[in-house]
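Colleague: One predicted model, sequence on top.
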Amino acid sequence: MQPPPFTPRLRLGLALAIAAIAALSLGVGSAQAASVGFTPAFGSGDLGEATTLSAAFSISGSEYHGSPAPVTEVAVHLPAGVGGSSAGFLTCSLLVLEAAGPSGCPAGSLAGPVGSIGLDMAEETAFHVVERVHVTGTVQPVFANPEETAGEPELLYYLDVPGLSVPELPGLVFFGYDDVDSPPYGRVLTLKVPLVSTIPSEPLVSITNLSLTLGATRTLGGGTVGSLTIPTECPHSSHFAWEGAVAFHEAGAIAHMAETACPTASAKHSTTTTLGASPTAPHVGEAVTYTATVAGGGGTAPSGAVQFFDNGTTMAGCSAQPMTPASGSSTATCQVTYGATGSHDLTAIYSGDTAYLSSIAGSLPVTVSPPETPSTSTGSAGDGSSGSTASPATRTGSTSPPGLSVAQLAGLLTPQLVPSGKAAKIGELLRHGGLAVTFKAPEAGTLAVQWYYLPSGAKLAKQAKVKPVLVASGRQTFSGAGAGKLKLTLTAQGRRLLRHAHKLMLSAKAVFRPQGDPVVSVKRGFQVRR
């Protein structure tokens, strides 16, 4: 679930990361006695092209009833520059997956080839003797239905283990997440592994080997779009850096680093897709035009098509927009008129052609506000003044308290920007789906508040334009001066970030748009934690 790539926007939680570092340096709990092997590899394909990947883990240990401790999380830190997106692929319902397995899902929802898994578990013999046996099974990646999973997760791994019968789990599913790490790594594939008990009061099931696979393709406008692409450039070392981390139940974690050689350069030229909106802050009933610009360095303008997405779903009428060539770049547009207020997360994917590779635009957050209301003029035509140019210190709107300045109004806004005390706990924010606050409006107008997160390392990025992630937003219109409730609702990306964070630095922005000018804007940073 740029969504999870897997929109295109998977990250190991902070606790797991700390545990992994501790395991590398000091060893943690029983994990110190365990051993983890990690072997990653890309499938076929040149630099910048669609591919598949495999990440094989071998886990050994005898401290847990003759087996390694049960695994609770597995993370694969992919090399920096790995791209791709799940946008545009079919999805499978979690209910269908649990009831019928991958065979009941649409063919286009399979996210990659089948992997494998080896398990040690308790089994009762015909003589009512319980012994620990080894079984093998398969692991199938599937794109999830984001609506059914509330936007998270966007990737599932289905386990099919013959002979394994667990009444409370009709289908064993690994829940996958997608996020961004810091160099030399990029995206992180993190899997939540369910704890399984085959026989009551007997040891839990242990994983001894695991081979995860990922990567699917689809056609768009004559080109090929992949859910996973090889980086467009090789590091100076000519090797890609990987890291695999395994967290054990009540036994810490172990991380293992690996390298793979870079493939050859593609015969196609790389491209960069950027996305813009006009207007950037549309109102209900106002037409907004999204423009995707595809730049390439091959001497000719890129051709093909662009597909536009809103919150990971194809925008109506914009599934394969033709491109207009220009000097060294091409553009494609999509126009839409919103009928309701709300937050939107836009992106665009260029399909590529015979000379150019595909590319994905960074996420573009857009908030649709209520219809504009006419401003009341406060000056006459003779002196050239109007409500839009009135001095902030001498605002004379019909409902404004006399002499209310921008600084004073900002003072009213600031306390409403951030949560405090118990309300600043991540668990509380997730439980309530956001934050509700009371705002005392000094006059009629509209208050909009948004929380953003800037991904780690974004300030150091020199080439990629990293967009801040919209975590929560809310809007309330006041008919006049007085108190009113404002509800800040978490976005799907916001829920994803909070679920896997122990603490998070966020930025808040509040804008109060009164019936007359000027508009007041306040920004403030704050932290939420477990």
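Modeller: Arrived safely, thanks for sending. Because the structure is a prediction, the values reported are computed rather than measured.
Colleague: what about stretch 325-334, distance to the chain center?
Modeller: Relative to the centre of its chain, stretch 325-334 is centred 28 Å away, using Cα atoms, centre = their mean, to the nearest Å.
Colleague: isn't Ala436 right next to Gln476, touching?
Modeller: No - judged on Cβ atoms under 8 Å, Ala436 makes no contact with Gln476 at a distance of 10.5 Å. Glycine gets a C-beta too; all of them are placed from N, C-alpha and C.
Colleague: list residues touching both of the two?
Modeller: Residues touching both Ala436 and Gln476 (Cβ atoms under 8 Å, 6 or more residues apart in numbering) are 485-487.
Colleague: Any of those buried? List them.
Modeller: Listed as buried from these are 486-487; burial here means 16 or more other Cβ atoms under 10 Å.
Colleague: Show me which of the shared contacts of Ala436 and Gln476 is closest to Lys422.
Modeller: Lys487 (17.3 Å; Cβ to Cβ).
Colleague: Can you give me the separation between that closest one and Tyr185?
Modeller: 37 Å (Cβ to Cβ, to the nearest Å).
Colleague: repeat for Thr300
Modeller: Look at Thr300 and Tyr185: by Cβ to Cβ, they are 35 Å apart.
Colleague: Neighbour count: the two, which is higher?
Modeller: Ranked by neighbour count (other Cβ atoms under 10 Å), Thr300 and Tyr185 place Tyr185 first, with 20 against 13.
Colleague: wait, Leu430 sits on Arg499?
Modeller: Yes - when contacts are counted by Cβ under 8 Å, Leu430 is listed as touching Arg499 (6.7 Å).
Colleague: Quickly find the element holding the closest residue to Leu364 other than its chain neighbours.
Modeller: Distances taken as Cβ to Cβ, 6 or more residues apart in numbering place Leu346 nearest to Leu364, at 4.3 Å, with adjacent residues excluded. In this assignment (DSSP states H and E), Leu346 forms part of strand 342-350.
Colleague: quick one: low-confidence parts of the chain?
Modeller: 1-32, 146-153, 165-171, 222, 373-416, 455-467, 515-518 (pLDDT under 70).
Colleague: For stretch 48-64, C-alpha coordinates in PDB please.
Modeller: Extracted C-alpha coordinates of stretch 48-64, given in PDB (Å, rounded to 0.1, in the frame of the first residue of the first chain):
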ATOM      1  CA  GLY A  48      15.600  -0.400 -14.200                       C
ATOM      2  CA  GLU A  49      13.400  -3.200 -15.600                       C
ATOM      3  CA  ALA A  50      10.600  -5.200 -14.000                       C
ATOM      4  CA  THR A  51      11.800  -8.300 -12.100                       C
ATOM      5  CA  THR A  52      11.100 -10.700  -9.300                       C
ATOM      6  CA  LEU A  53      13.000 -11.300  -6.100                       C
ATOM      7  CA  SER A  54      13.600 -14.200  -3.800                       C
ATOM      8  CA  ALA A  55      14.700 -14.000  -0.200                       C
ATOM      9  CA  ALA A  56      15.600 -17.300   1.400                       C
ATOM     10  CA  PHE A  57      16.000 -17.800   5.100                       C
ATOM     11  CA  SER A  58      17.500 -20.800   6.900                       C
ATOM     12  CA  ILE A  59      16.800 -20.900  10.700                       C
ATOM     13  CA  SER A  60      18.400 -23.400  13.000                       C
ATOM     14  CA  GLY A  61      18.500 -23.900  16.800                       C
ATOM     15  CA  SER A  62      17.700 -26.400  19.400                       C
ATOM     16  CA  GLU A  63      16.900 -24.300  22.500                       C
ATOM     17  CA  TYR A  64      13.100 -24.500  21.900                       C
END
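Colleague: For that stretch, list every residue counted as buried.
Modeller: Buried residues in stretch 48-64, counted by 16+ other Cβ under 10 Å: 48-57, 59, 61, 63-64.
Colleague: ok, Ile230 touching Glu49?
Modeller: Yes - with contacts counted by Cβ under 8 Å, Ile230 reaches Glu49, the gap being 6.0 Å.
Colleague: got the contact list for Tyr64?
Modeller: Contacts of Tyr64 (Cβ under 8 Å, 6+ apart): 30, 70, 203, 206, 251.
Colleague: Name whatever forms a beta bridge with it.
Modeller: Beta-bridge partners of Tyr64, counted by DSSP bridges, are Ser67.
Colleague: Quick one: residues contacting Leu357.
Modeller: 48-49, 229, 232, 266, 268-271.
Colleague: for Trp242, that is, sorry about that
Modeller: By Cβ under 8 Å, 6+ apart, Trp242 lies in contact with 38, 40, 55, 76-79, 185, 257-260.
Colleague: For those residues, could you give me JSON lines that also reports secondary structure and distance to Asp160?
Modeller: Output for the contacts of Trp242, formatted as JSON lines (DSSP: H, G, I helix; E, B strand; the rest coil; distance: Cβ to Cβ, whole Å):
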{"residue": "Phe38", "secondary structure": "strand", "distance to Asp160": "23"}
{"residue": "Pro40", "secondary structure": "strand", "distance to Asp160": "23"}
{"residue": "Ala55", "secondary structure": "strand", "distance to Asp160": "19"}
{"residue": "Val76", "secondary structure": "strand", "distance to Asp160": "21"}
{"residue": "His77", "secondary structure": "strand", "distance to Asp160": "27"}
{"residue": "Leu78", "secondary structure": "strand", "distance to Asp160": "25"}
{"residue": "Pro79", "secondary structure": "strand", "distance to Asp160": "30"}
{"residue": "Tyr185", "secondary structure": "strand", "distance to Asp160": "30"}
{"residue": "Met257", "secondary structure": "strand", "distance to Asp160": "31"}
{"residue": "Ala258", "secondary structure": "strand", "distance to Asp160": "27"}
{"residue": "Glu259", "secondary structure": "strand", "distance to Asp160": "32"}
{"residue": "Thr260", "secondary structure": "strand", "distance to Asp160": "28"}
